[in-house]
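1. Have a look at this fold, sequence not included:
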């Protein structure tokens, strides 16, 4: 193992003081989000056929689809538990009617654990 000379460490630390920061001052700074970023889920209930394949395919069980109407007159709704979602995109990939998609919304932090269950 190579030993570092104390002078070299000091020199490296001082040089870092004059470099541009590697992070941004969020929320004041602007975020550069890549095109395929998987943020918050978006649910379109009018296309949903209540197959619940998204529920079965979700590895953490974070999404729940319910029909609040009758069998003939569907009134679909979805609830996502953000604290369990790992944003793997399996629910979006498996949906046969493409009623699920991901948005670019990255600000998903909450102060209360009750706020992690979001109606989509």
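-> Right, received. Where do you want to start? All of these numbers come straight from a predicted model, not from anything done at the bench.
2. wouldn't residue 110 be in contact with residue 116 here?
-> Yes. If you go by Cβ atoms under 8 Å, residue 110 and residue 116 touch, sitting 5.8 Å apart. C-beta here means a position set from N, CA and C on the backbone, and glycine is covered the same way.
3. Tell me where the protein has strands.
-> 41-43, 63-67, 76-81, 100-102, 117-119 (DSSP state E).
4. Of all those, which one comes closest to residue 19?
-> For residue 19, the closest of the strands of the chain is strand 100-102, at 34.3 Å, according to Cβ to Cβ.
5. can you redo the strands of the chain as a markdown table with mean neighbour count?
-> Shown next, in a markdown table, are the strands of the chain (neighbours: other Cβ atoms under 10 Å):
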| stretch | mean neighbour count |
| --- | --- |
| strand 41-43 | 19 |
| strand 63-67 | 17 |
| strand 76-81 | 18 |
| strand 100-102 | 18 |
| strand 117-119 | 13 |
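6. Residue 110 and residue 116 - which one has more neighbours?
-> Each of residue 110 and residue 116 has its neighbours counted (other Cβ atoms under 10 Å); residue 116 has more, 16 against 12.
7. how far away is the nearest residue to that one once chain neighbours are set aside from residue 58?
-> Among residues not flanking residue 116 along the chain, residue 83 sits closest, at 4.1 Å (Cβ to Cβ, 6 or more residues apart in numbering). Distance check for residue 83 against residue 58: by Cβ to Cβ, to the nearest Å, it reads 13 Å.
8. So the two - more neighbours on which side?
-> More neighbours surround residue 58 than the other of residue 83 and residue 58, with 20 against 13 (other Cβ under 10 Å).
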